[in-house]
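K.L.:
Pasting the sequence and the predicted model now:
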Amino acid sequence: MNVSEEKMLRLQKNLPIIRNLAGWTAEDLGKNIGVTRQTITNIEKSDTLSMTKTQYIATRAVLDYEISNSSNKTLSDAIAVLVDADDLTEDQEKKIHETISNISETKSRRMRDKIVLESVATMIATIGVISGLSMSQALKKSSSIPKWLSDLMK
């Protein structure tokens, strides 16, 4: 699997959480990228890479737009950790997935989105504190072409 496919799969696996952080339903995201709610649901439920490059680019573009037009730093940080971080250890990935599992359980019990947002913020803080993960590069890099798009085009 190449770098682009790895990032596509990371986005796909974490899409429900990222979507919730943006405040979007599957239908909202589908409308934003030009697909149906069912397509989003199928992507989110798949264990193998089912997101196309076009869907990945569209999803990243609308997420970048949301980040640039809102004060949702948690969304930006979550994408930096869950999708863009290339230097996570196995232990860090395990901690992330444990937290994601807890978030999913919380969501399945129909808790409010605020709890989901707090859980993700805690996850990001925990990863940084426990593992010493430096997200400064991922969070500070800015150029006319986003890194995720540059990586995809390589």
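P.N.:
Arrived safely, thanks for sending.
K.L.:
which stretches of the chain form helices?
P.N.:
Assigned by DSSP state H, the chain shows helices spanning 3-22, 26-33, 37-45, 53-68, 73-79, 90-108, 113-131, 136-140, 147-153.
K.L.:
give me the low-pLDDT residue ranges for this protein?
P.N.:
Residues of the chain that meet the criterion pLDDT under 70 lie in 1-3, 97, 100-120, 123-144, 152-154.
K.L.:
could you redo the last one with a cut-off of 50?
P.N.:
Within the chain, the ranges that satisfy pLDDT under 50 run 108, 110-111, 130-142.
K.L.:
Kindly provide the distance from Glu44 to Asn20.
P.N.:
11 Å (CB to CB, to the nearest Å). Where you see a C-beta, it was placed from the backbone N, CA and C, and this is true even at glycine.
K.L.:
got it, and Leu49?
P.N.:
Taking CB to CB, one finds Leu49 at 21 Å from Asn20.
K.L.:
same check, this time on Ile79
P.N.:
From Ile79 to Asn20 the distance is 13 Å (CB to CB).
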